[in-house]
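**Student:** Here is my input; please provide its structure:
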Amino acid sequence: MRAVITVTGKDAVGILAKITAVCASANVNVIDMTQTVMQDLFVMSMLADISKSNVEFPALSDNLKECGREMALEIHVMHEDIFNSMHRI
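**Tutor:** Numbering: from 1, shown residues only. This next block holds a predicted model:
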């Protein structure tokens with residue numbers, strides 16, 4: 001099972017570190033990620049393996065969103081099944 005995590009907001013030191021710390025504490029493995037800074041806007045998308053997570057998906061989503069609120073970031077977490085359903089032709 002995988003999840004797509006997207007992060008947007010004003011660029012600041014430590015964004016990647018704090019988000020990956022939340023993932024690590026939940027035993028979530030980051031498979032792939034891309035990030036960019038456009039002027040002062042931070043944009044990142046991650047693909048994460050949640051199959052061995054030690055927390056339920058809703059709790060992981062809530063934990064990441066809380067991390068985002070603390071840093072004034074918008075974080076969305078979408079289960080791979082939902083992502084695939086939305087983008088199926």
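
**Student:** neighbours around the closest residue in space to residue 60 that isn't next to it in sequence, how many?
**Tutor:** Nearest in space to residue 60, with sequence neighbours left out and distances taken as C-beta to C-beta, 6 or more residues apart in numbering, is residue 26 at 5.3 Å. Just so you know, the C-beta spots here come from the backbone N, C-alpha and C atoms, and that holds for glycine as well. Under the neighbour criterion other C-beta atoms under 10 Å, residue 26 is assigned a count of 20.

**Student:** For residue 26, grab phi and psi.
**Tutor:** Geometry field for residue 26 lists phi and psi as phi -100, psi 10, criterion degrees, to the nearest 10.

**Student:** what's the distance between it and residue 67?
**Tutor:** Distance check for residue 26 against residue 67: by C-beta to C-beta, to the nearest Å, it reads 11 Å.

**Student:** One more: residue 36?
**Tutor:** 20 Å.

**Student:** And the two? Which one has more around it.
**Tutor:** Using other C-beta under 10 Å, the more surrounded residue of residue 36 and residue 67 is residue 67, with 18 against 10.
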